[in-house]
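Participant: Structure for the following, please:
(one chain, ligands or ions: 1)
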Amino acid sequence: TGYITLDPGYGNTGSCLSNITYIDGDQGILRYRGIPIEQFGNGPNFIEVAWLLIFGRLPTEEEYRGFAADLNANANLDEGMKLHFEGFPRAAPPMAILSAMINALSCFYPEHLELDGHDSLRLASARLISKIRTIAAYAYRHSQGLPYIYPDAKLRYVPNFLHMMFSQPYDQFQCDEVVRNALNLLLILHADHEQNCSTSTVRMVGSSQANLFASCAAGVCALWGPLHGGANVEVLCMLEQIHQGNVTPEEYVRRAKAKEGNTRLMGFGHRVYKNFDPRAKMLGEAAEKLLANLGRTDPLLDIARKLEEIALQDPYFIERKLYPNVDFYSGIILRALGIPTNMFTVIFAIGRLPGWIAHWWEQNQTMANKIARPRQIYTGNGQTDYTPMAGRS
Ligand code: CMC
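Facilitator: Numbering: from 1, shown residues only. A predicted model of the protein is given here:
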């Protein structure tokens, strides 16, 4: 027993040693395996970054091509798995389907229930990273009552996803380079963020030696909540509300400051970043660039900029060091790509998956892995006698 320190939300508890991702919240620094996030702004693709996170270094060309080939070879879902979609109501939340289907992979790939080295990790990762995208697209198609579109092995990761989302039979969705680059960057910027709620969940579940699929399915559930990945949906709802004239930006900020009905300025604030979130900066710029390249405008981007301007000058936000986070601008990009709002957090999950795998594996490889088992400080009754039913009032 001994002395237990109370740390609600684990704000001050280091739960593990990790060499995957570095964050300096005061300086707004984020690095994957030592590489500053800004260096991923132009060029690298999501699959390279996934490899970097999982295997600890950038892939050689041969490794990259081999991994990309594995992804393509494993993009289809088992026909048996596809039947599961039919059982879900049309209006089922896609995050629920995503989590259930990732867990279901445990049934279809029993050979991955225990991973014993680089090769088995590589194949399990390729399957998971490839299939999460197919599952996501099929969840959307099911919600729309549309036929499922098979993956196309000629396409790269992002265009293949958009193809499965938006192609019609005999009418293939043409993925513009501008569109590909925007979604590629968005996935990269979501790929890992050290011990956030969902990654800690993956580690916690994995600490009991639960398999990779089960652990990642749990990560999806943790990500779903509005204080974590679900915030990107809430941001869009907030911006829409303002756009429809139901509330002004000034009034919204006032309500958030007054904590009226638990209102928060969604997409603002972070447990670790206390200066700025470099991902928000990059995504804000990327949203502007994407809209300009598509020759479009979006009133929601103007509203977001206005909210940011008001909040960053307000003592409430300044004193609490609250800045836009990754979810503040991501929805503007996803909207421009035609992704429906209820799929936003699913896209976050696709992006975060390599991070979850990397952390699950890092923990799995650690000799010092201990089952996660926090303590508590009990505040309930002292010893109390059982009262038979007849004697209760
Ligand atoms: N709007 C208004 N007030 C806020 C906000 C906000 N978005 N965020 C924090 N505060 C206030 C909070 O009420 C508290 O005030 P007080 O000192 O008067 O009690 C103070 O700032 C500290 O907040 P906290 O809730 O103790 O901070 P936390 O580190 O526990 O929470 C957070 C971090 C991200 C959950 C929180 O800032 C938040 O709810 N933000 C809105 C939801 C959001 O955007 N989530 C996405 C997070 S980033 C991506 C991800 O991880 O998914």
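
Participant: buried residues in the worst-scoring helix or strand of the chain on mean pLDDT?
Facilitator: None of the helices or strands of the chain scores lower by mean pLDDT, DSSP states H and E than helix 79-87, at a mean of 94. Neighbour counts over helix 79-87 (16 or more other Cβ atoms under 10 Å) mark 81-82, 84-85 as buried. For glycine as for every other residue, the C-beta is placed from the backbone atoms N, C-alpha and C.

Participant: just stretch 86-96 next, same as before
Facilitator: 88, 93-95.

Participant: chain center to it, what's the gap?
Facilitator: In terms of Cα atoms, centre = their mean, to the nearest Å, the gap separating the centre of stretch 86-96 from the centre of its chain is 19 Å.

Participant: same question, stretch 316-326
Facilitator: Per Cα atoms, centre = their mean, the centroid offset for stretch 316-326 relative to its chain is 21 Å.

Participant: measure that stretch end to end?
Facilitator: Chord length of stretch 316-326, first to last residue, is 20 Å (Cα to Cα, to the nearest Å).

Participant: Now do it: everything it contacts.
Facilitator: 189-190, 193, 231, 257, 265, 267-270, 273-277, 279-280, 283-284, 308, 311-312 (Cβ atoms under 8 Å, 6 or more residues apart in numbering).

Participant: can you narrow those residues to ones near the ligand?
Facilitator: 231, 265, 267-270 (Cβ under 6 Å from any ligand atom).

Participant: Remind me what the helix or strand containing residue 308 packs against, helices and strands.
Facilitator: Taking DSSP states H and E as the criterion, residue 308 maps to helix 299-312. If contacts are counted by 3 or more Cβ pairs under 8 Å, 6 or more residues apart in numbering; DSSP states H and E, helix 299-312 sits against helix 231-243, helix 249-258, helix 278-294, helix 327-336.

Participant: how about that helix: buried residues?
Facilitator: Quick answer for helix 299-312 (16+ other Cβ under 10 Å): 300-301, 303-308, 310-311.

Participant: List the residues that contact residue 366.
Facilitator: Residues near residue 366 by Cβ under 8 Å, 6+ apart: 16-17.

Participant: ditto for the one 4 residues further on
Facilitator: In this structure, residue 370 makes contact with residue 207, judged by Cβ under 8 Å, 6+ apart.

Participant: Angles on the backbone of it, please.
Facilitator: Main-chain torsions, residue 370, degrees, to the nearest 10: phi -120, psi 150.

Participant: any idea how far it lies from the ligand?
Facilitator: Distance check for residue 370 against the ligand: by Cβ to the nearest ligand atom, to the nearest Å, it reads 25 Å.

Participant: Identify the residue spatially nearest to whichever residue of the chain sits closest to the ligand, adjacent ones excluded.
Facilitator: Residue nearest to the ligand within the chain: residue 269 (2.3 Å; Cβ to the nearest ligand atom). Residue nearest to residue 269 in three dimensions, not counting chain neighbours: residue 322, with 4.3 Å by Cβ to Cβ, 6 or more residues apart in numbering.

Participant: Helix or strand: which one has that neighbour?
Facilitator: Here residue 322 is assigned to no helix or strand, by DSSP H and E.

Participant: For the chain, list the residues in contact with the ligand, please.
Facilitator: 9, 196, 227-229, 231, 256, 259, 264-271, 320, 322, 325-327.

Participant: Now list the buried members of the residues you listed.
Facilitator: Of the residues of the chain next to the ligand, these count as buried by 16+ other Cβ under 10 Å: 196, 228-229, 231, 256, 264-270, 322, 325-327.

Participant: Which two among those residues are spaced furthest apart?
Facilitator: 196 and 256 (22.2 Å; Cβ to Cβ).

Participant: Low-confidence regions, the stretch 101-250 of the chain specifically.
Facilitator: Nowhere does the stretch 101-250 of the chain drop to pLDDT under 70.

Participant: Do you have the helices of it handy? List them.
Facilitator: For the stretch 101-250 of the chain, the helices defined by DSSP state H, counting those that start in this stretch cover 118-144, 157-166, 177-189, 197-206, 212-224, 231-243, 249-258.

Participant: just checking, what packs against the fourth one?
Facilitator: By that I understand helix 197-206. Partner elements for helix 197-206 (3+ Cβ pairs under 8 Å, 6+ apart): helix 212-224, helix 344-365.

Participant: Adding mean neighbour count, write those out as JSON lines.
Facilitator: Listed next are those as JSON lines, based on neighbours: other Cβ atoms under 10 Å:
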{"stretch": "helix 212-224", "mean neighbour count": "24"}
{"stretch": "helix 344-365", "mean neighbour count": "25"}
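
Participant: Just the CA trace of the least confident helix or strand of the chain, in PDB.
Facilitator: What follows is helix 79-87, C-alpha atoms only, in PDB (Å, rounded to 0.1, in the frame of the first residue of the first chain):
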ATOM      1  CA  GLU A  79     -15.900 -11.200 -47.600                       C
ATOM      2  CA  GLY A  80     -17.000 -12.500 -44.300                       C
ATOM      3  CA  MET A  81     -16.000  -9.300 -42.700                       C
ATOM      4  CA  LYS A  82     -18.000  -7.300 -45.100                       C
ATOM      5  CA  LEU A  83     -21.200  -9.000 -43.900                       C
ATOM      6  CA  HIS A  84     -20.800  -7.300 -40.600                       C
ATOM      7  CA  PHE A  85     -21.500  -3.900 -42.200                       C
ATOM      8  CA  GLU A  86     -25.000  -5.100 -43.100                       C
ATOM      9  CA  GLY A  87     -25.900  -5.700 -39.500                       C
END
